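Trainee: Have a look; sequence and predicted model below, questions after that.
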Amino acid sequence: MSMFVYYLGLGWRSLRRNPVLTALMVMAIAFGVAASMITWSVFRVVSGNPIPWKSSQLYNVQIDNRGPQYNEPGNEPPDALNYTDAVALMQAHKAPHQTMLYDIAPSVLPQNANDLPSTTTGYATTADFFTMFDVPFKYGSPWTNADDDGHAAVAVISDALNQRLFGGANSVGRDVTLDMHAYRIVGVTEHWDPKPRYYDAYDNMEFANPAQVYISVNRAVDIHVGMAGRNNCGGAPAHFSNDEQWLHRECAWIPFWAELPTQADAERYKEFLTAYSAEQQQAGRFQWAPNVRLRNVTEWLDHEKVVPAESRISLFVSIGFFIICLVNTIGLLLAKFMRRSSEIGVRRALGATRREVYAQFLMEAATVGLAGGVLGLLLTIVGMQGIGLLFEPDVARLAHLDMSLLLTTLIVAVLATVIAAFYPTWRAAQVQPAWQLKSN
Amino acid sequence: MLKMTHLSKVYRTEVVETYALRDFNIDVKEGEFVAVTGPSGSGKTTFLTIAGLLETFTGGEYHLDGIEVSQLDDNARSKIRNEKIGFIFQAFNLIPDLNVFDNVEVPLRYRGMKAAERKERIMNALDRVGLASRAKHYPAELSGGQQQRVAIARALAGTPRLLLADEPTGNLDTQMARGVLELLEEIHREGATIVMVTHDPELAARAQRNVHIIDGQVVDLAEDPRFHTAYTAAAGQIRG
């Protein structure tokens, strides 16, 4: 510890030794790390695992209900189910938890009769949605399976909508009016906004604003609550109508998820899906062999290509820029260290081992890296204001500064500089004290 | 204390081998003050750097304080340098960014000594060379003689068994040189073993014993006082 503090002090002194050289290094590291962190701030959101503790247990279900002629390359079935299959899977109940959902965008009637109705977004879904996706509740709880079975007019609203309608008070038991239909509020969620919104990647809602209202899908279908997401009818244009005939058309519009705790459960469930498809084939509904997919959250996000290309490219470019900055830093550190060959010779003569020379100079590099990191932090903060110039607004607004980004900036700056310093330090440690002292 | 037997140091290139030291033999007893003299390029400094474990040798044996050093690794050599040897260089070799106190502290830092003990040793060493009041000064703020005194304090602070001095007065004027030499004599009287490389016959004459090196070999171990007389006279003629 004592030597650590000693080397830190020497490193700090060295910053002041050649102010111009130091400034060049600090700026190179700062600009490099800032560029990387700005693009990383976007990339980490768009590429992150939104539910890491459970992502290997939640599976998106796909069933080929339209035939190979409409499928994507690789005979990839539609990314969502049609109503018939979704209901059949729900009724089969082969997973401990499963849910179906579709996008809704109802108008919501304000509590104050003088205010105008406003549009809100959300989902028609089932009780298991909240359990499966670990939705946190501020007040109340999800509705029950019995509510689903009874087609109950129940709703869960978001904290934001609760704030808007009820001033943040506990609204459980009160009514909310959506598209002129009243629903009893059973729960109010905490702010909940997983990014990317994996469970609705089908509707391209990965980076949309948080949902504000959830109603029971059975009730929604009963009263023809409109679908606000995608419906893919395999080349046959169809206006969503929610009537019985439309519901059973072979259109894909319902993302379906199953919670399968173990790999064995997943395999059994896939067998079940295959068997179900085979039944449909035997019944004459499908004219093709069973073609199903079961993907967990990370596989699903990969399949949906959730990470925008510009985010990936800009990250690569900025990392490339950072590497160029570091290469420059290597040269500058080399010049800085080798100018001190005489000091190295003296220290070696006075008892410093090579390891101690390494420690001193790597610590000195870490000090430079820390200074670069601090300046890089300021540049990152400034750069975040202009992030909209690089990315689509939906994606750009996701980037935010938080403690983890601040710490990452500093750690990356220090670590990268220390790594860059290995070669200059190695050269410094090779200084032969005898030659240095003789030459003096 | 320092014994080299048939020691050689060869610098090899693709086309030529150069012997810096050849069949080099020397035995310095504990408490001796030995001056090593010889013309430029004779191998004096090479001897000193090998003696100080700053450089390896090609053949022969070298025992330092009873330890055969040829097989020691870098860590062990550094530890011996740190604990047993004190260096005084012609160019002082103080670290310009460190003040006097911090310069003297350098070898003690590598010894892992506690702060309180370091401080006591540093202030004692500076007191001994008469520079305790300059502890916060930087080398550039001191005269050459003062800088060499700091270097001596740095060498003394670790209480080494062996003091190696390479032309310690070479960069000093006569008055400053005299002061430094008197300091070395005082240190020797207190029991330190000193090996000093010098060109200066007058300086060499102040040592207990002279070792003369020519072409990498010890040519004369003159303990006889007559050697000093003859050598000093010869040097006087050359200068005259």
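Mentor: In hand now; what should we look at? Everything numeric in this text was worked out from a predicted model, so none of it was measured.
Trainee: Going by C-alpha atoms from here, please, whenever you check contacts or count neighbours.
Mentor: OK.
Trainee: Chain B: helices as residue ranges?
Mentor: B:44-51, B:74-84, B:100-110, B:115-128, B:144-157, B:174-189, B:201-205, B:225-239 (DSSP state H).
Trainee: looking at these, which is buried most?
Mentor: When those are scored by mean count of other CA atoms under 10 Å in any protein chain shown, the highest mean neighbour count falls to helix B:144-157 (a mean of 26).
Trainee: which secondary element of chain B has the worst mean pLDDT?
Mentor: helix B:225-239 (a mean of 52; mean pLDDT, DSSP states H and E).
Trainee: Next to chain A, which bits of chain B? Give me the list.
Mentor: By CA under 8 Å from any CA of the partner chain, the residues of chain B that approach chain A are B:45, B:49, B:52, B:54-55, B:74-75, B:78-83, B:86-87, B:89-91, B:93-95, B:97, B:106-107, B:109-111.
Trainee: One more pass at 6 Å, please.
Mentor: Residues of chain B lying near chain A by CA under 6 Å from any CA of the partner chain: B:49, B:54, B:75, B:78-79, B:81-82, B:91, B:95, B:107.
Trainee: Can you name the two of these that sit furthest apart?
Mentor: Within the residues of chain B next to chain A, B:75 and B:91 form the most distant pair, 26.0 Å apart (CA to CA).
Trainee: Which of the residues of chain B next to chain A scores worst on pLDDT?
Mentor: Note: of those, the lowest pLDDT belongs to residue B:91, at 85.
Trainee: Domain-wise, how is chain A divided?
Mentor: Structural domains annotated on chain A: A:2-47+A:308-439, A:58-303, as defined by automatic domain parsing.
Trainee: okay if I get the ones you listed as a markdown table plus distance to residue B:185?
Mentor: Listed next are these as a markdown table, based on distance: least, CA to CA, whole Å:
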| stretch | distance to residue B:185 |
| --- | --- |
| domain A:2-47+A:308-439 | 22 |
| domain A:58-303 | 79 |
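Trainee: quick one: which of the ones you listed is nearest residue B:203?
Mentor: Closest among the domains of chain A, using CA to CA: domain A:2-47+A:308-439, at 20.3 Å.
Trainee: From residue A:373, how far off is residue A:40?
Mentor: Residue A:40 sits 15 Å away from residue A:373, going by CA to CA, to the nearest Å.
Trainee: How about residue A:200?
Mentor: 38 Å.
Trainee: which of those two has more neighbours?
Mentor: Each of residue A:200 and residue A:373 has its neighbours counted (other CA atoms under 10 Å in any protein chain shown); residue A:373 has more, 32 against 22.
Trainee: For the host helix or strand of that one, give the mean pLDDT please.
Mentor: Element membership for residue A:373 (DSSP states H and E) is helix A:354-385. Helix A:354-385 shows a mean pLDDT of 92 in the predicted model.
Trainee: Just want the angle from it to helix B:74-84.
Mentor: Angle of helix A:354-385 versus helix B:74-84, following axes from the mean of the first three to the mean of the last three CA atoms, to 10 degrees, is 110 degrees.
Trainee: name the helices or strands packed onto helix A:354-385?
Mentor: helix A:2-17, helix A:19-47, helix A:403-420, helix A:422-429 (3 or more CA pairs under 6 Å, 6 or more residues apart in numbering or on different chains; DSSP states H and E).
Trainee: any chance of the ones you listed in a markdown table, plus mean pLDDT and mean neighbour count?
Mentor: Below are the helices and strands packed on helix A:354-385 laid out as a markdown table (pLDDT from 0 to 100; neighbours: other CA atoms under 10 Å in any protein chain shown):
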| stretch | mean pLDDT | mean neighbour count |
| --- | --- | --- |
| helix A:2-17 | 85 | 16 |
| helix A:19-47 | 89 | 23 |
| helix A:403-420 | 92 | 19 |
| helix A:422-429 | 91 | 20 |
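Trainee: quick one, which of those helices is nearest to chain B?
Mentor: The closest of those to chain B is helix A:2-17. By CA to the nearest CA, the value is 7.5 Å.
Trainee: what are the phi and psi values for the residue nearest the centre of chain A?
Mentor: Centroid-nearest residue in chain A, with CA atoms, centre = their mean: residue A:48, separated by 3.2 Å. When quoted as degrees, to the nearest 10, the phi and psi of residue A:48 stand at phi -70, psi 160.
Trainee: returning to what we had before: in CSV, list the helices and strands packed on helix A:354-385 along with distance to residue B:125.
Mentor: Conversion of the helices and strands packed on helix A:354-385 to CSV gives the following (distance: least, CA to CA, whole Å):
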stretch, distance to residue B:125
helix A:2-17, 21
helix A:19-47, 34
helix A:403-420, 37
helix A:422-429, 29
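Trainee: I'd like to know how far the residue of the stretch 151-300 of chain A found nearest chain B sits from residue A:48.
Mentor: Using CA to the nearest CA, the single residue of the stretch 151-300 of chain A nearest to chain B is residue A:298, 50.6 Å away. According to CA to CA, residue A:298 stands 9 Å off from residue A:48.
Trainee: Repeat that for residue A:362.
Mentor: 33 Å.
Trainee: what bits of the chain have low per-residue confidence?
Mentor: Just so you know, I chose chain A. Within chain A, the stretches with pLDDT under 70 are A:1, A:234-243, A:436-440.
Trainee: ah, I was thinking of chain B
Mentor: Along chain B, segments meeting pLDDT under 70 span B:220-240.
Trainee: Can you name the residues that contact the residue in it that chain A sits nearest to?
Mentor: Here the residue of chain B nearest chain A is residue B:82; by CA to the nearest CA that distance is 4.1 Å. Under the criterion of CA atoms under 6 Å, 6 or more residues apart in numbering or on different chains, the contact partners of residue B:82 comprise A:350-351.
Trainee: do you know how far the residue in the stretch 201-350 of chain A that chain B sits nearest to is from residue A:361?
Mentor: Distances between the stretch 201-350 of chain A and chain B by CA to the nearest CA are smallest at residue A:350, namely 5.2 Å. According to CA to CA, residue A:350 stands 17 Å off from residue A:361.
Trainee: So these two - more neighbours on which side?
Mentor: Applying other CA under 10 Å to residue A:350 and residue A:361 shows that residue A:350 carries more neighbours, namely 30 against 27.
Trainee: Going along the chain from the top strand by length along chain A, find the next helix or strand for me.
Mentor: The single longest strand within chain A, with elements called by DSSP state E, is strand A:181-189. Once the chain leaves strand A:181-189, the next helix or strand it forms, by DSSP H and E, is strand A:213-216.
Trainee: which helices and strands sit right next to that following strand?
Mentor: Short answer (3+ CA pairs under 6 Å, 6+ apart): strand A:213-216 packs on strand A:122-125, strand A:154-157.
Trainee: Nearest to residue A:379, out of these?
Mentor: Nearest to residue A:379, of all the helices and strands packed on strand A:213-216, is strand A:122-125, at 37.7 Å by CA to CA.
Trainee: what helices or strands is the closest one leaning on?
Mentor: Using 3+ CA pairs under 6 Å, 6+ apart: strand A:122-125 touches strand A:102-104, strand A:213-216.
Trainee: Partner strands of the shortest one, with direction?
Mentor: Strand pairing for strand A:102-104, using DSSP bridges, gives strand A:122-125 (antiparallel).
Trainee: Understood, closing this out.
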